[in-house]
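Asks: Predicted coordinates and the sequence they were generated for:
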Amino acid sequence: MIGRVLSVLGWVPVGIVFGTCVGTLNLVEGVSMQPALNGSGDAQEVFQRDIVVINRAAFRSLQNPIVRGDIVAIRDPEDRRRIILKRVTGIAGDEILPSVDHSENAMKSALSERLYTVKQGLLWVEGDNKNASIDSRTFGAVPRALVIGRVDAIVWPPSRAAFLYPKPDYSRIVVEENGLFIPKQTP
């Protein structure tokens, strides 16, 4: 009996190292990342919480940098005890229009709004469900040091199991053309 307990305890450091350096499974809370995570957001759908794989090692190498469209797990800048999941919508050098409204009137007023340039070492992150997300539009760009890992897959429920690939949203990024700031076109 004591031998079995010691055998199991021998694996505890392996589990700790794996969870700290390689990856973890996490339960997704809230609706800020719908429809990508936690269902479609359809009122008829029964709310299900997804379990996702957070790859802690993926972006630490130069071959796998964080890119626009990645869903990342970050320490909440307003409460470092919490981990939040958001999509990267701006990387270093991007000029972001922080407005939530994408209407024509809002785009015309973009000239009077101050554009935010994402500085080196920072990321602009937003939830997919803009109406239910507290993100960089509220707390500003986040230091890359707060990134815990990239969300690579949904593993539960089985009906939603899938790998997650970057889906960049260029509607928030603007470029200057002939003195006007216009939304960047999708490459």
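Replies: Structure's in. What do you need? Numbers count the residues shown, from 1 in each chain.

Asks: Surely Ala161 and Val155 touch.
Replies: Yes: under the criterion of Cβ atoms under 8 Å, Ala161 makes contact with Val155 at 5.8 Å. Every C-beta, even on glycine, is put in place using the N, C-alpha and C of the backbone.

Asks: Only the buried residues of the longest strand seen in the chain, if you could.
Replies: The residue-count maximum for a strand in the chain (DSSP state E) belongs to strand 79-90. Buried residues in strand 79-90, counting neighbours by 16 or more other Cβ atoms under 10 Å, are found at 83-90.

Asks: same check, this time on stretch 89-97
Replies: 89-91, 94-97.

Asks: mean confidence for that stretch?
Replies: When pLDDT is averaged over stretch 89-97, the result is 85.

Asks: what about it, how long is it end to end?
Replies: 11 Å (Cα to Cα, to the nearest Å).

Asks: Any regions of this structure where pLDDT drops low?
Replies: 1-22, 40-47, 59-64, 99-114, 172-187 (pLDDT under 70).

Asks: ranges for the helices of it?
Replies: Remark: helices assigned in the chain by DSSP state H are 2-17, 104-108, 136-139.

Asks: ok so, going back, for the buried residues of strand 79-90, could you give me TSV that also reports distance to Ile71?
Replies: What follows is these, written out as TSV (distance: Cβ to Cβ, whole Å):
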residue	distance to Ile71
Ile83	12
Ile84	11
Leu85	6
Lys86	7
Arg87	5
Val88	8
Thr89	11
Gly90	14
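
Asks: Which one of those is nearest to Arg144?
Replies: Comparing the buried residues of strand 79-90 against Arg144 with Cβ to Cβ places Val88 closest, at 10.1 Å.

Asks: who's in contact with the residue nearest to Asp152 when sequence neighbours are not counted?
Replies: Distance criterion Cβ to Cβ, 6 or more residues apart in numbering; nearest residue to Asp152, sequence neighbours excluded, is Asn55 at 4.5 Å. When contacts are counted by Cβ atoms under 8 Å, 6 or more residues apart in numbering, Asn55 touches 22-23, 149-152.
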